[in-house]
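Engineer: For reference, the sequence and a predicted model appear below.
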Amino acid sequence: MKKSRIRLKGFIKTFLSVFLYLDIALIFITLLVYMIGGINAGGVLSCFTATYTVIVLLFYFRMKPLIMNELISFATQYGQIQKKLLRELGLPSCLLDDTGKIIWTNAGFEKIVHQEKGYHKTITTLFPTLTSDKFPVSDDEEVQLDLSYEENSYSLRMRRISLNEMASNSDIIEASGYDGYLIAIYLFDETALRLAVQEVDDQSMTAGLFYIDNYEEALESVEEVRRSLLVALIDRKINKYIASCNGIVRKLEKDKYFVVMPKKSCLQLQENRFDILEDVKTVNIGNEMSVTLSIGIGLDGLSYSQNYEFARNAIDLALGRGGDQAVVKTMDSTVYYGGKSQQVEKNTRVKARVKAHALREIITANDTVIVMGHRVGDVDSFGASVGIYRIAKTLERKCHIVLNDVTTSMQPLVDLFRNNPEYEQDMIVGSQAAIDMAGGNVVLVVCDVNKPSITECPELLRFCKNIVVLDHHRQGTETIENATLSYVEPYASSTCEMVSEILQYIGENVKIHTEEADSMYSGIMVDTNNFMQKTGVRTFEAAAFLRRNGADVTRVRKLFREDANEYKTKADAVSQAEIYRGAYAISICNGEEVVSPTIIGAQAANELLNIKGVRASFVCTEYQNMVYVSARSIDEVNVQVIMERLGGGGHMSMAGCQMEGITVTESIGVIKKTLDAMIEEGELK
């Protein structure tokens, strides 16, 4: 910085200059008197003018320095007063140069940072987070940051001060040629305020709903005389658990509880990952079936009623995902805990009958039915779509199945219907044709998927007002909204099983063709891995129903024989698998020589579970510029939770996800990091 010569300005400058201007005016008047009044009058005035001029010049040149000294002395004393006030000001302050170096601090600032006067290092030595990129870039900008130092919290304000502007604002002196700027920093201690706000937030009330998943089944598995004891023990567990959290619990129904607790207690439960989920399973007085809980918590709402609404949504998610888990829902996020056990199959078919009657009413109220599954469809989604087609035709309604790409696994089934004289040419249509058909009198049935972004044609969801969802996958945060009818049962082995049950309650005049029975039977067989996974009594009952209606096991087996390249690709993926952490099989499926590599990858993941010690398997397949991950497990690991962290979903034992913008090798690294993180967090053992 350079400094120019100091000059007077403003009123003081005008006051000292006015006498010179009057002297010049007097000289002109003297000349005028000479011309008008003569030599005598002019001579007298000339003497006066000369004397006046000498006095003015002496005053101006001799007295001006004295006046300047007095003014500077006053300004200095005034500046000292200002400096003392600023130094002793209770508001911690400091000045930085344009490089971030401290050039001045007041006593309040020095007290906070425990430094003596004259500390001239950069500000980052005191506050590492306060880097130069956070400084204000203009004089009009004020930067505000939250800052923590030692145990206190501060609100930091920064303003930029131009040196040239600071000098030009002086009322006494004028200066030019100043370059650069200073940065003024002020610290406002908000420790007490934030503690008060945190205390209020910690004591805000959260709403919770606790549901016993298998109340009736657990009671039936114990002697009648001991059932009241089992209920009492469960009540005691829940009441004791909530009481330890300073909460209140009230029993709404025999298997439902309403809970209110402070937010701070809820955060503690989250840290403990809702250990009540495992604790309640220890209640055993001879019951063959362990009791499981579903928990829905709502917090951070704008009102108590909104928290309760969040809790209702959370419990619906917990139940829709199979139960035995806790779901915490806020305005911005949904977090899942638990979900490590398989959902118990319900023996009663009441729900299936109710849903079948509701579906019948919806279809008969419309003219056309459009059915679609998920993107890159499989045998289960197509078989379920065929079952809905038969329901629609039985009710004398037009029906179209949306199918864009046909995988090799589906090709044999699709060929059964294409060019078949018993079926319309437009039975199977593409996305655009389905969009053209959509309208007010059309019902859209979504099979084998409840996530709108991965349906065969997501645009259809916007064009159709009547939407029916039939799925057996666990629900996630992203769901199809405003569905007229939603039937999501995670305990079901497949969507084909669910549709087979619905078919039995649609009406007595349902006549299933052999092609349709084969398709639905194939869906059950593939999703259960030949009736080895997730198979219950109702699964075999559905298979028996299809068998009575013409499904042939041998014919279905022939439809799904693999060609040599597919078999070799699957075997290669299995042979190159890496056993990570001694329990997780991870491999790559190179599907360059097969038409549907994602199907082969899923089959390879199933095969890897046959290896001793493998708790879960992951097979990555590159297809259409994306990496498809197939995850499988038997019963020890919830692969759905793992895949949800990667943006996917599915079942506890069968899930998957899709990754964009990375290679297959990079995707394996992502899976390993996810497994490491979940093991460290205690979510995986």
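Structural biologist: Here it is on my side, so go on.
Engineer: For Lys329, list each beta-bridge partner.
Structural biologist: On the basis of DSSP bridges, Lys329 is bridged to Gly298, Thr334.
Engineer: got the contact list for it?
Structural biologist: The contact partners of Lys329, by Cβ atoms under 8 Å, 6 or more residues apart in numbering, come to 296-299, 310-311, 313-314, 317, 335. Heads up, the C-betas are built off the backbone N, CA and C, glycines and all.
Engineer: And for Gly339?
Structural biologist: Residues in contact with Gly339 (Cβ under 8 Å, 6+ apart) are 321-325, 474, 638, 640-641, 652.
Engineer: ok, which pair from these is furthest apart?
Structural biologist: Based on Cβ to Cβ, the longest span within the contacts of Gly339 runs between Gly323 and Val641 and measures 14.0 Å.
Engineer: more neighbours, these two?
Structural biologist: Set Gly323 next to Val641 and count neighbours by other Cβ atoms under 10 Å: Gly323 wins out with 26 against 22.
Engineer: Quick check: which element contains the more buried one?
Structural biologist: Secondary structure from DSSP states H and E places Gly323 outside every helix and strand.
Engineer: Look up the closest residue to it, ignoring the ones flanking it.
Structural biologist: Asp213 (3.8 Å; Cβ to Cβ, 6 or more residues apart in numbering).
Engineer: Would you mind measuring from the one you found to Val231?
Structural biologist: From Asp213 across to Val231, the span is 15 Å (Cβ to Cβ, to the nearest Å).
Engineer: Repeat that for Glu478.
Structural biologist: For Glu478, the distance to Val231 - Cβ to Cβ - is 37 Å.
Engineer: Span of stretch 30-46 from start to end?
Structural biologist: 6 Å (Cα to Cα, to the nearest Å).
Engineer: Name the residues of it that come out as buried.
Structural biologist: Residues 30, 33, 42, 45-46 are the ones in stretch 30-46 that count as buried (16 or more other Cβ atoms under 10 Å).
Engineer: average model confidence for that stretch?
Structural biologist: On average, the pLDDT along stretch 30-46 is 76.
Engineer: contacting residues for the nearest residue to Val402 once chain neighbours are set aside?
Structural biologist: Nearest-residue entry for Val402: Met372, 3.8 Å, with adjacent residues in sequence omitted and distances by Cβ to Cβ, 6+ apart. Neighbouring residues of Met372 by Cβ under 8 Å, 6+ apart: 385, 401-403, 434, 444-447, 455-457, 460.
Engineer: again, only using 10 Å
Structural biologist: The neighbours of Met372, taking Cβ atoms under 10 Å, 6 or more residues apart in numbering as the test, are 381, 385, 388, 400-404, 429, 431, 434, 444-449, 455-458, 460-461.
Engineer: Quick check: the gap between it and Ala438.
Structural biologist: 11 Å.
Engineer: just Met498 next, same as before
Structural biologist: Distance from Met498 to Ala438, by Cβ to Cβ: 24 Å.
Engineer: Counting neighbours, go ahead and name the busier of those two.
Structural biologist: Shown here are Met498 and Ala438; by other Cβ under 10 Å, Met498 has more neighbours (26 against 18).
Engineer: And the lengthiest helix in the chain, what does it pack against?
Structural biologist: Of all the segments of type helix in the chain, defined by DSSP state H, the longest one is helix 10-37. In terms of contacts (3 or more Cβ pairs under 10 Å, 6 or more residues apart in numbering; DSSP states H and E), helix 10-37 is packed against strand 7-8, helix 39-58, helix 64-88, strand 173-174.
Engineer: correct me, but the residue nearest to Gly323 touches Leu293?
Structural biologist: Yes. Assessed by Cβ atoms under 10 Å, Asp213 is found in contact with Leu293 at 6.7 Å.
Engineer: So for these two, which residues contact both of them?
Structural biologist: What both Asp213 and Leu293 touch, as defined by Cβ under 10 Å, 6+ apart, is the set 255, 318, 323-325.
Engineer: Confirm that Glu361 sits in a helix.
Structural biologist: Yes. Counting by DSSP: H, G, I helix; E, B strand; the rest coil, Glu361 is part of a helix.
Engineer: Can you tell me how far it is from Gly298?
Structural biologist: For Glu361 relative to Gly298 (Cβ to Cβ), the value is 33 Å.
Engineer: And Val556, by the same measure?
Structural biologist: Plainly put, Val556 is 47 Å away from Gly298 if you go by Cβ to Cβ.
Engineer: what does Thr99 give?
Structural biologist: Distance, Thr99 to Gly298, by Cβ to Cβ: 50 Å.
Engineer: So for those two, which residue has more residues nearby?
Structural biologist: Gly298 (27 against 11).
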